[in-house]
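In: Please find the sequence and the predicted model below.
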Amino acid sequence: MQASPLKISGAFEFTPRRFPDDRGVFVSPYQEAAFVEAVGHPLRLAQTNHSVSRAGTIRGIHYADVPPSQAKYVFCPHGSFIDVVVDIRVGSPTFGQWDAVLVTSEKSNAVYIAEGLGHAMIALEDDTTMNYLCSTSYNPSGEHGLTPLDPALDLPWPRELEFHLSEKDVAAPTLAEAYEAGVLPRYEDCLALYASLKA
């Protein structure tokens, strides 16, 4: 398993070794030893999510209150998507910046998104499947969103696709609006949470 940090601290790409033969292929998308070595603590697992999306579907930008927030480990059993991590932690050196990873079933790679970061994706083909390993259970009152079409962020959505978004994501505020409203996670709170996970 190869672990590669993204340019946003707290986010990593993991790429496992694949074992193909005449029956098909075997792969382990999540491996605890490699995860702990890269991140510094085990992945808490409280819930798994599974989504299937048609080409052009955008989900996000989603985030949760810190603490406890929700870390995610996402991979693609079928199809392909662009996974985007946005630093929305007020006070972070990379606040307002993002990084993106092409996640595919052929590569079997995964992305880890730490607590306090914004997360979004776009499906590149029909029936794209995303599996999420989540550190906490869904908490509606603590869940928030930002518009994935924020022109100031200019996220890397392929313009040749027709976009499909939920009404909730369309109506979500921009990063600047959320900052002015004081609803974004604070970097210092995130750092304190990360330290507690490693204790």
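Out: Done, it's in.

In: Okay, helices next: where are they in the chain?
Out: Remark: helices assigned in the chain by DSSP state H are 32-39, 167-171, 175-181, 187-198.

In: Next up, the contacts around the nearest residue to residue 118 once chain neighbours are set aside.
Out: Leaving aside its sequence neighbours, residue 118 sits nearest to residue 86 (CB to CB, 6 or more residues apart in numbering; 3.6 Å). Glycine gets a C-beta too; all of them are placed from N, C-alpha and C. The contact partners of residue 86, taken as CB atoms under 8 Å, 6 or more residues apart in numbering, are 8, 61, 96-98, 117-120, 146, 153, 155, 175.

In: now residue 11
Out: 5, 85, 99, 111, 112, 113, 114, 117 are the contacts of residue 11 under CB under 8 Å, 6+ apart.

In: Equivalent analysis for residue 113, please.
Out: Contacts of residue 113 (CB under 8 Å, 6+ apart): 10, 11, 71, 72, 73, 74, 85, 119.

In: Now flag whichever of the contacts of residue 86 is closest to residue 186.
Out: residue 117 (12.9 Å; CB to CB).

In: Okay, the residue most central in space within the chain and residue 163: tell me how far apart.
Out: Nearest residue to the geometric centre of the chain (CA atoms, centre = their mean): residue 119, 4.1 Å. Distance of residue 119 to residue 163, given as CB to CB, to the nearest Å: 17 Å.

In: before we move on, what about residue 49?
Out: Relative to residue 163, and taking CB to CB, residue 49 is found at 21 Å.

In: same question, residue 5
Out: The value you get for residue 5 to residue 163, if CB to CB is used, is 29 Å.

In: for residue 24, same thing?
Out: 33 Å.

In: next one: residue 25
Out: In this view, residue 25 and residue 163 are 32 Å apart by CB to CB.

In: so what's the residue nearest to the centre of the chain closest to, chain neighbours aside?
Out: Per CB to CB, 6+ apart, closest to residue 119 is residue 113, 4.8 Å.

In: so what's the one you found bridging to?
Out: residue 11, residue 72 (DSSP bridges).

In: Do you know the pLDDT at it?
Out: With respect to pLDDT, residue 113 has a value of 98.

In: go on, residue 159?
Out: Reading off the model, residue 159 has pLDDT 96.

In: so how many other residues sit close to it?
Out: Neighbours of residue 159 under the rule other CB atoms under 10 Å: 6.

In: tell me the contacts of it?
Out: So residue 159 contacts nothing (CB under 8 Å, 6+ apart).

In: Backbone dihedrals for it, please?
Out: phi -70, psi -20 (degrees, to the nearest 10).
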